[in-house]
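Enquirer: sequence unknown, structure follows:
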Ligand SMILES: NC(=O)c1ccc[n+]([C@@H]2O[C@H](COP(=O)([O-])OP(=O)(O)OC[C@H]3O[C@@H](n4cnc5c(N)ncnc54)[C@H](OP(=O)(O)O)[C@@H]3O)[C@@H](O)[C@H]2O)c1
């Protein structure tokens, strides 16, 4: 097992409030860095390529952290107030590589934080982390939560974060670029969202109030997934056709496509995540941090609207105009976030639907069994 050390720290932080953030180049990490800095904290940002990150975001001090093998020990010098661990590899090739980065990497970071006397270890988990989770993502999140000490560490479980990046923007881009959007497992699954600004405010309050244990951050009432999809389509100014689609069939075909190396906007991992969405009771946790988060519709209406696709007959692309970028930058964190806004064509979604349709009509049960077997890598 690889290891890194954060030994031989000297106490230099003194009374300054210092926060260390892993995954600080990411959607949430960068927003948290800006939020804590505005609140008066010295921010030490961790990145795999600190030189490049420092060029793009010079207001933070950057240190190298590439999980599971490298951590610049200077990042933890002087017993910082908190380490907020956002880094998580979601585009993994196999369960083994996901575990190496996310589980072993988190363990090593936690051990380094302990040795360095960090005041609070805050792990950014997910509402997907629960006993019934089948996705590698949900299971590894739960595994990391279990290695924490509930009496001194904090696990934050945010809902789907609505803002100009992350899973939300990938989802919105896929919906805006598709004429047909499949509603897997009926689209009735409950989902809770939270605006980027609200999750940052909740985490800052949790650090300042010394919260430990598990903290669920999301809107109080869940919405059915199909309602979220429809609201996103309305926000993006598009009107795709939503059709219910059997999740099991979709899962089989996605696994085959992944085996064949076909890149699609949706993965079998995503689908397993959608299958096991559950409503979380959040009211007590919101009271702990004094947060009244926006509803999904409020979060969307507060987010800058993307430009209406200019050529809806061809490839629909959601790309913000310079004015939108400026507007969003004022409201949120940093316009450099917008590269997350990757255009996705509608072609791949059609391909999935077509393949699945052919499958339902023609595949004999033996073939279906064979295909399910072939998907073992991401299997339940
Ligand atoms: N977005 C949501 O809706 C949502 C909801 C619930 C929970 N979360 C959790 O919140 C956290 C942040 O999510 P996000 O949306 O901000 O994701 P993101 O934009 O993909 O950011 C992930 C960050 O992790 C870093 N990272 C990945 N692999 C790493 C490795 N091996 N070593 C060091 N750093 C690594 C990435 O660095 P590079 O820039 O070098 O790739 C990036 O900074 C994650 O733990 C995620 O599971 C997110």
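Expert: Looks like it came in fine. A quick note: this is a predicted structure, and the numbers were derived from the prediction, not measured.

Enquirer: could you check how far the residue nearest to residue 117 when sequence neighbours are not counted is from residue 115?
Expert: Here the nearest residue to residue 117 in space, its sequence neighbours aside, is residue 79; by C-beta to C-beta, 6 or more residues apart in numbering that works out to 3.8 Å. C-betas here are computed from N, CA, C, even on glycine. According to C-beta to C-beta, to the nearest Å, residue 79 stands 10 Å off from residue 115.

Enquirer: try residue 267
Expert: Distance from residue 267 to residue 115, counting by C-beta to C-beta: 36 Å.

Enquirer: contact residues of the stretch 51-200 of the chain facing the ligand?
Expert: Proximity of the stretch 51-200 of the chain to the ligand (C-beta under 6 Å from any ligand atom) is limited to residues 65-67, 86-90, 101, 105, 124, 126, 158, 160-161, 165-168.

Enquirer: what subset of these is buried?
Expert: In those, burial by neighbour count holds for 65-67, 86-89, 101, 105, 124, 126, 158, 160-161, 165-166, 168, counting by 16 or more other C-beta atoms under 10 Å.

Enquirer: in helices, which of those residues fall?
Expert: Of the positions in those, 105, 166, 168 sit in helices, assigned by DSSP state H.

Enquirer: circling back to that earlier point, check which helix or strand covers the residue nearest to residue 117.
Expert: For residue 79, there is no host helix or strand (DSSP states H and E).

Enquirer: now do stretch 147-165, average pLDDT.
Expert: What stretch 147-165 shows for mean pLDDT is 97.

Enquirer: what's the first-to-last distance across that stretch?
Expert: Using C-alpha to C-alpha, to the nearest Å, the end-to-end distance of stretch 147-165 comes to 29 Å.

Enquirer: next: stretch 262-277.
Expert: With C-alpha to C-alpha, one end of stretch 262-277 sits 26 Å from the other.

Enquirer: list the buried residues of it.
Expert: In stretch 262-277, counting by 16+ other C-beta under 10 Å, buried: 264-277.

Enquirer: rebuild those residues as TSV, extending it with secondary structure and pLDDT.
Expert: Compiled in TSV, the buried residues of stretch 262-277 are given as follows (DSSP: H, G, I helix; E, B strand; the rest coil; pLDDT from 0 to 100):
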residue	secondary structure	pLDDT
264	coil	79
265	coil	72
266	coil	81
267	coil	85
268	helix	88
269	helix	88
270	helix	87
271	helix	89
272	helix	90
273	helix	89
274	helix	89
275	helix	87
276	coil	87
277	coil	91
